[in-house]
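In: here are the coordinates; sequence isn't available:
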């Protein structure tokens, strides 16, 4: 090709480059849910070092080529519980001519939500006593609903409610066998058959529901506030915050949650019913949310607004988010936290070009990713950094840890022996989508190891499969030797040699099996080592037990470190006697001299509230909090302040039909632990702790999950 043609092409290229640069060159950066950096709508095309020499030599050009593609936001699953409200209905009903009233479900709940219950508020028209009300409910259902009483309809049995006066609340709990079949584009109908007064006025309908949806999410930002709102005054019932504080330029809000508490900190009264609303800027106007209602016994409530697709393109991010407190059983509330999930605007493009050139354009130095490794693929990050990065963890309890001292009793899979379904990838996906970044996988080996300490290959393969579910989700996984402390792992001098041989044999096999896994896999040597039925079994045990446990921990660490591969640098976990936070037990632990060792304890405190041996179901006094904090302070003084990281391997509270207290406990617990750099793993067994329903892959109560996340965010 001739020099003239080359020069002509280069000149045309330069013209195109100058034209492109005259457009919008505003670079917006947003953090994705996976902490990826996305360049927002950036198109750069430049030519460098064009020189024309005096000797008329050939002009040379160095150009950076930029390819653009439509941005696709990561998808995040969000779950929440809310109540929708229609107020000021003012429909006068009588039990002759106007006995039924239909209300559109679209005015109460988002499409696809799972409806749990309804509350209908009535008043006597003539101020006479309502007495006994008789009526029924009907609701639209899908055609495939097996419990439908008519085509597309379900009619409840008749029911009664009693009022002493002129005010009546009628509650209808939607039967569980139709909840998955409700047509949220249909209607709810309340029927009025009879009462002591002829006419009733239907004033209000409240619908309680849960919702799980997938939303595009490139960024989650939250901010803490301490703004008091009072519904009694127009001046104090609303607050405004700038959207730019929580949404990056070029992003569109998808999901907003607002957490509030009782403003009267001296009062132990529950919040009860609270009615709120939100508004978001649309130029000089606002989009308004439906009324939002929460009815709970706790002192904290969270209100969620899932932004409708129809309004997203018109939201003005330079404007405000308005939060309104319309009414409540408490007169004043504090807005404590606002969180917004947002996504890059639909249709935006991202560039795939030379990073150094892009940073040259903006005047910023390129940010180098930390890719330093120690061995194979294991990154050079400390155990303390891993603890911080794990943020909050979940226990896959009562699955791979299921066992029986008599192996012949286990028919079929040991994993399902205690009643839980087999673990699936979808199950772990659900856990990750809720915000958990780590999964502790308790494993019992008792029924899967022979007299020569050889592990059954089929069982080992299954454990590896579950580990891979977690690792493939870019989460941290912990495997251990779990309920073997009920069978052969006896920490006594008499049994020490045999116990050490079996324990080190297990970890030799596991170290070989997982030697190529990176830092996302952690090994936990023992679970709750102790003598079953022994002295002070669940606290400090005996001096002999504590001594043997220390020696077994050293055996575990030595075995893994000498096994090759990435295990030389793998983070390992040791524990106290019975994993107890008893002061004697904690101070007796001899942490191996190794800079990649974590201490784990189990802290169900106070046990009368957290455990299942007492009917104590309330928590939250100043004394309760102080007692809990004492444990974290002990861990800090003994380990953390000396550079030894700590996790709480198990914590939680059994379900005593007290979710509001459990939620408050979970938030305070994780929040308090976080102050000391402690990461906590909630115990979940799909039994009495009732967090994840592993059959339906739904959370028993989304507010508990939200409470856990609130504590660590």
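Out: That came through fine. Since this is a predicted model, take the numbers as computed values, not measurements.
In: mind listing the strands for the stretch 101-250 of the chain?
Out: 114-124, 131-140, 153-155, 159-163, 167-173, 187-194, 199-216, 219-230, 238-242 (DSSP state E, counting those that start in this stretch).
In: quick one: closest of the ones you listed to residue 685.
Out: strand 199-216 (21.6 Å; CB to CB). No exception for glycine: its C-beta is placed from N, CA and C like everyone else's.
In: report the buried residues of stretch 277-284.
Out: Buried residues in stretch 277-284, counted by 16 or more other CB atoms under 10 Å: 277-281.
In: which other residues reach it?
Out: 243, 253, 256, 258, 286-292, 303, 305, 307, 311, 314-324, 326 (CB atoms under 8 Å, 6 or more residues apart in numbering).
In: check the offset of it from the chain's centre.
Out: From the chain centre to the centre of stretch 277-284 is a distance of 28 Å (CA atoms, centre = their mean, to the nearest Å).
In: what's the weakest-modelled helix or strand in this structure?
Out: Between all helices and strands in the chain, the lowest mean by mean pLDDT, DSSP states H and E belongs to strand 37-40, at a mean of 33.
In: that older thread, from the contacts of stretch 277-284, which land in helices?
Out: Per DSSP state H, helices hold the following members of the contacts of stretch 277-284: residue 311.
In: what's the domain layout of the chain?
Out: 3-71+348-362, 77-212, 218-344, 378-712 (automatic domain parsing).
In: where among the ones you listed is average confidence lowest?
Out: The stretch with the lowest mean pLDDT among the domains of the chain is domain 3-71+348-362, at a mean of 39.
In: among the strands of the stretch 101-250 of the chain, which comes closest to residue 386?
Out: strand 219-230 (21.7 Å).
In: got the angle for that closest one vs strand 238-242?
Out: Counting by axes from the mean of the first three to the mean of the last three CA atoms, to 10 degrees, strand 219-230 lies at 150 degrees to strand 238-242.
In: quick one: residues in contact with strand 219-230.
Out: For strand 219-230, the surrounding residues in contact (CB under 8 Å, 6+ apart) are 30-33, 236-239, 241, 245-248, 251, 260, 263, 323-325, 331-343, 713.
In: tell me the secondary structure for residue 587?
Out: Following DSSP: H, G, I helix; E, B strand; the rest coil, we place residue 587 in the helix state.
In: for burial, what's the neighbour tally of it?
Out: By the criterion of other CB atoms under 10 Å, residue 587 has 13 neighbours.
In: residue 494: which element?
Out: Counting by DSSP states H and E, there is no helix or strand that carries residue 494.
In: offset the numbering so it begins at 658, please.
Out: Sure, I'll start counting at 658 from here, so that last one is residue 1151.
In: burial of it, as a residue count?
Out: Residue 1151 sits with 10 neighbouring residues when counted by other CB under 10 Å.
In: ok, now residue 1145?
Out: Counted with other CB under 10 Å, the neighbours of residue 1145 add up to 16.
In: quick one, phi psi at it?
Out: Here is the backbone geometry of residue 1145 (degrees, to the nearest 10): phi -110, psi -10.
In: any idea how far it is from residue 980?
Out: Distance from residue 1145 to residue 980, counting by CB to CB, to the nearest Å: 58 Å.
In: then residue 1080?
Out: 41 Å.
In: of the two, which one has the most company?
Out: Between residue 1080 and residue 980, residue 980 has the larger neighbour count (other CB under 10 Å), namely 25 against 21.
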